[in-house]
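> pasting the sequence and the predicted coordinates here, then a few questions.
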Amino acid sequence: MDTNLAPATPKTRFFRRPAVMLFLVLSMVLGMGAYTFADARGLSYLSNDPKACVNCHVMNDNYDSWQKSSHHAVASCNDCHVPHDLLGKYLAKAKHGWRHSKAFTTGDYHDPIQVHPESRREIQDNCLRCHGKLTDAIAGHAKLGKTDEVNCIRCHATVGHGGR
Amino acid sequence: NIKKHQVEATVTNYDLVKVDEKTADPAEWGKNHPRQYDSYKRTVDMERTRYGGSEADPKKPDTTYSKIEEDPRLVTMWKGYAFAVDFREERGHAYMLQDQKDTERQKVVKQPGACLHCHASTTTVYRAEGIKAGAPGDGTEDLCSAAGKEQLMKGFDKVCSMPYADAAAMAKHPVACIDCHDPKSMALRVTRPGFLDGIAVLAKSSEPTPALPSVEKWRKGDRKRDYDPNVDASRQEMRSFVCGQCHVEYYFKGDAKRLTYPWHKGVKVENILSYYDEPVFKDGKPYKDFAHKISGAPALKAQHPEFELWSQGVHARAGVACADCHMPYVREGAMKVSDHQVRSPMLMIDKACQTCHRASEAEMKARCELIQDRTKALMDRALNGLCDLIKDIEAAQADGAGDEELAKARDFQRQAQFRIDFINAENSMGFHAPQEAARILGEACDFARQGQVELAKKHAAKPALPKPEVKAP
Amino acid sequence: NIKKHQVEATVTNYDLVKVDEKTADPAEWGKNHPRQYDSYKRTVDMERTRYGGSEADPKKPDTTYSKIEEDPRLVTMWKGYAFAVDFREERGHAYMLQDQKDTERQKVVKQPGACLHCHASTTTVYRAEGIKAGAPGDGTEDLCSAAGKEQLMKGFDKVCSMPYADAAAMAKHPVACIDCHDPKSMALRVTRPGFLDGIAVLAKSSEPTPALPSVEKWRKGDRKRDYDPNVDASRQEMRSFVCGQCHVEYYFKGDAKRLTYPWHKGVKVENILSYYDEPVFKDGKPYKDFAHKISGAPALKAQHPEFELWSQGVHARAGVACADCHMPYVREGAMKVSDHQVRSPMLMIDKACQTCHRASEAEMKARCELIQDRTKALMDRALNGLCDLIKDIEAAQADGAGDEELAKARDFQRQAQFRIDFINAENSMGFHAPQEAARILGEACDFARQGQVELAKKHAAKPALPKPEVKAP
Ligand SMILES: [Ca+2]
Ligand SMILES: [Ca+2]
């Protein structure tokens, strides 16, 4: 199995461009997503309250397992699932929101729900945001040589969602 | 508490001394990386587990306990080969050079310099010898440069065919930082010619390698150059490849005693056997390690195929590397570092297993030992069969049976014996690939007993010697 | 669409009709739980996987393909027993009653009513018969009440010893809701006397049961009453126990043909064998299912020991239940419901495996099939050995060897054959416990060949018949 992380750069950077964000937000508001998304309380994606996520029952399992995890007292959904540079944050929320609305409207998504490769990247960045110092020694030296970095959730699969 | 960690964490690696391609001494590297060096030195510690770890031999405290004394069937299996004289439990990396020098196997056979490949820090030794043998450069070049590689390979060839004592005289350290790390970046790298050659021939074979994604990727490319782990492998793969440098089956090829990993057809036991079974000699006979002293069978000896067996297990397929279990991360103050006290994971289940597995320590230990107990029971069964076969061949010989008549039975012995030895020499007692280990031993039972049937049907008019080890079911 | 989901999410179960202890018809229950009922009915679907699933026999489309036609060695193994006449791939629950009636095995042997236990909805049948046989109450009582239990057990005894046709005439449905669910709470429950008895004797044995924590807990208690799954088991255990009601090894005890699960010494293959090997008959002979027609060996037949093999695997130890893989939760509109189309997980890898395993579907399939391929190869090897042994006994008999001379070889056959059959009859081709399956087959190879050696050494003066199946290694 390929346990490597998707490389950080091109795609994520693409979405961080203002023009792209504008496009996404616009299409979200204007497109077919508009009604369904708002109605489905999809805008809760813009909130930081974990309860906002369980506005959608399909997030129930993930919410429950988060509550059973070691992190439920120290990190909520968006601490892990959304980038934390200011621009990136709203861009990602817009993008996730778009993807969410599309998935929810069409009902066409993988069961069980799986993280998208870019979301993995965001999660990883967030692990490092909080634990970067601690893991500097294990992540750091590799950057000089091989470019692929340590994938935290390869070992810590259950930190965000217990009982798996 | 979190605050404190964060402050400490600002100092991670020190850059106190400069290490380069000529710095073999781990103490030097240790100045920059004291935590790793400290744990590296602790490989002198000994502690036994049910099937692993290590412990001193009470009768000979400077060595570990003898496996052939524990199980005399091993002596029967290896009769005629140096292993029947001395074979012990292996222990930490710190001892590798000493234990190789001290083994009685050195006394009964003149060993070649090829042995050194896996028992010492040979990177700088090979390069220096390579330069003496005419390779360009002065040994300061990057190992992966053209000059660096040429030095390494020329030196390797030269050292392989030296007498062991001459080679060993050049070695100063057991496996050291420079053998696994690039001094410039500290990134992992493979420095062992045996593995560089071996993995390249494996890549050329047609055997699928789901546990090694970069090999499969290379196969899909243009194949204009050989597969090179230092170029092609992912970091995660390197966490196993650095161990695969030594923890593998090998033989010495030809008169030059070139160390060779028999992966030309794949790394499964039958791939390796079918490589060894090729009629390489003029008389149409295949390679053998020794002629069995009791039965005359053209026998093979397997050695520590950890890398090969691991690659057949579900851990490997799931991307779990040797270092994940044998060098888990430990928290040292404000940092997480890799535990360089390479040892049995059963001595550190919390770190080695429990990050991935949510079960209790006792449960993880029980799962591991259940796998090992099953393997051991099946190995006992197979060994009984093998010893019975050897006895029957012996009796048939005593009765005057000739080589031609015995050829088939001896081949059955070769087949059964290599399989048993593959799992016996492998050091996880089946844990690295539980079903595969059981499959191999099951086949061994079948071959050993088939050998007996074959003989009995030919020669059984006379009842055989007493057979103490056949048990009624 | 989302609107709909949100509405649906609020209504989970409907309470349209009242179901009670007398409601055998699943259609009635289905009114309250239409989703579960819909999927339950889909067990009529057929789709083949590499080693499982099901498919109609082109030559006989109202049955599935014949396993004895696919592999004639099975006929050799079962010579003298009804299975040599007809043995087919099993299929969905919807067919259980029909397939039991239609099998040719019904024609060659007069089968008892005991057969019905696992091929129909018998809960109400047993209770009604129990009342006729004098048990108190009218069948409306809670099954777990004293009266309910007495009805069930009395009826069970009675039906077991009936002729099959009489018993089957009373059955209206294949396994139905009432056989696994409490009509009041929909909680899972065990309704099968065979399992209630079997798990109680297992609890009394001394064999560790790490996969069944509630059994180990009961053992630590005062043991004043028998272990009772409906009282002691956890919900997660019940998700396997409802399947263990039928997917188990069994035999019919004595003249009353009482259905019995041979778990008195544990559920491992050797525990079961040692139970069967007890000298229960006056002449000191043990139980046998049949006298092998070619060799005269006192043979045993194993049947679908899924529960037993599963319990030896790492999934079971990790608390993974049959229902987790065979009845995974599926999203139905806004709800998650258990898929009642019980079938091969290979037909729904996403739901069956990926909730727990993060690998791709293709990778999960490959992992499963690799395990199965290894098991199959070892089974082929063991079957070859067994057929060779049977041939050798046949030849020895032809040469005039008597029962006493053949006793040992026949016992080897019994031992090897039961082990092969244990894995052959088990329907996951080793997946439920990969290493355990390989271990069992490895032992079978050893026993079969030992039987040959034993014979050859005694009788081999004369060369045996041609042996088409022994292959050189
Ligand atoms: Ca050791
Ligand atoms: Ca089937």
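Thanks, I have the structure now. Numbering: from 1, shown residues only, chains lettered A, B, ... in the order given. Ligands and ions are numbered 1, 2, ... in the order given.
> count of neighbours near the nearest residue to residue B:203 once chain neighbours are set aside?
The shortest distance from residue B:203 to any residue other than its chain neighbours is 3.6 Å, reached at residue B:227 (CB to CB, 6 or more residues apart in numbering or on different chains). Quick note: C-beta positions are derived from backbone N, CA and C, even for glycine. Under the neighbour criterion other CB atoms under 10 Å in any protein chain shown, residue B:227 is assigned a count of 22.
> ditto for residue B:213
By the other CB under 10 Å criterion, the neighbourhood of residue B:213 contains 18 residues.
> could you measure from it over to chain A?
When CB to the nearest CB, to the nearest Å is applied, the distance between residue B:213 and chain A equals 5 Å.
> check residue B:266 too.
Shown here: residue B:266 relative to chain A, a distance of 20 Å by CB to the nearest CB.
> what is the burial count for the nearest residue to that residue once chain neighbours are set aside?
Nearest residue to residue B:266 in three dimensions, chain neighbours excluded: residue B:207, at 2.9 Å (CB to CB, 6+ apart). As a burial measure, residue B:207 scores 14 neighbours (other CB under 10 Å).
> from chain A, how far off is residue B:207?
18 Å.
> before we move on, back to that, surely the residue nearest to residue B:203 is in a helix?
No: with the criterion set as DSSP: H, G, I helix; E, B strand; the rest coil, the secondary structure at residue B:227 is coil rather than a helix.
> ok, it - contacts?
By CB atoms under 8 Å, 6 or more residues apart in numbering or on different chains, residue B:227 lies in contact with B:199-200, B:202-204, B:214-215, B:218.
> same deal with residue A:155?
Shown here is residue A:155, whose contacts under the criterion CB under 8 Å, 6+ apart are B:324, B:329, B:355-356.
> so where is the stretch 351-473 of chain B shaky, pLDDT-wise?
With pLDDT under 70 as the threshold, the stretch 351-473 of chain B has low-confidence stretches at B:460-473.
> what secondary structure does the residue in it positioned nearest to ligand 2 sit in?
Ligand 2 sits closest to residue B:435 of the stretch 351-473 of chain B, with a gap of 22.1 Å, by CB to the ion. Using three-state DSSP, the structure places residue B:435 in helix.
> can you list the low-confidence ranges for the stretch 1-150 of chain B?
When the per-residue scores of the stretch 1-150 of chain B are filtered using pLDDT under 70, the ranges that remain are B:1-14.
> residues of it that sit close to ligand 2?
Applying the criterion CB under 5 Å from the ion, no portion of the stretch 1-150 of chain B neighbours ligand 2.
> in a strand, residue B:61, correct?
Yes: for residue B:61, which was evaluated using three-state DSSP, the result is membership in a strand.
> how much space separates it from ligand 2?
60 Å (CB to the ion, to the nearest Å).
> contacts only, for that residue.
Residue B:61 sits next to no residue when contact means CB under 8 Å, 6+ apart.
> re earlier: isn't the residue of the stretch 351-473 of chain B closest to ligand 2 up against residue C:431?
No: distance between residue B:435 and residue C:431: 10.2 Å, which falls outside the contact criterion (CB atoms under 8 Å).
> quickly list what's touching both of the two.
Any residue near both residue B:435 and residue C:431 by CB under 8 Å, 6+ apart counts here, and that gives residue C:371.
> which ones are touching the closest residue to residue B:211 other than its chain neighbours?
Counting by CB to CB, 6+ apart, residue B:316 is the residue found nearest to residue B:211 once chain neighbours are left out, at 3.6 Å. Under the criterion of CB under 8 Å, 6+ apart, the contact list for residue B:316 reads B:211, B:240, B:310, B:433.
> neighbours of the residue lying closest to residue B:311 once chain neighbours are set aside, how many?
Closest residue to residue B:311 in three dimensions, ignoring its sequence neighbours and counting by CB to CB, 6+ apart: residue B:211, at 4.6 Å. The local packing count at residue B:211 equals 24, with neighbours defined by other CB under 10 Å.
> so which strand or helix has residue B:211?
Counting by DSSP states H and E, there is no helix or strand that carries residue B:211.
> now do the one 3 residues further on
Here residue B:214, judged by DSSP H and E, is contained in helix B:213-220.
> same check on residue B:448?
Take DSSP H and E as the rule and residue B:448 turns out to sit in helix B:434-459.
> and the angle for that helix with helix C:434-459?
Relative orientation of helix B:434-459 and helix C:434-459, computed by axes from the mean of the first three to the mean of the last three CA atoms, to 10 degrees: 10 degrees.
> ok, helix B:434-459 near chain C or not?
Yes: Helix B:434-459 is in contact with chain C by CB under 8 Å from any CB of the partner chain, via B:434-439, B:441-443, B:445-447, B:449-450, B:452-453, B:456-457.
> same question for stretch B:317-331.
Yes: Stretch B:317-331 is in contact with chain C by CB under 8 Å from any CB, via B:317-318.
> got a list of contacts for that stretch?
Counting by CB under 8 Å, 6+ apart, stretch B:317-331 makes contact with A:1-3, A:134, A:138, A:154-155, B:39, B:210-211, B:236-237, B:239-240, B:242-244, B:247, B:306-307, B:310, B:315, B:336-340, B:342-345, B:348, B:351-353, B:355-356, C:359, C:363, C:367, all of which sit outside it.
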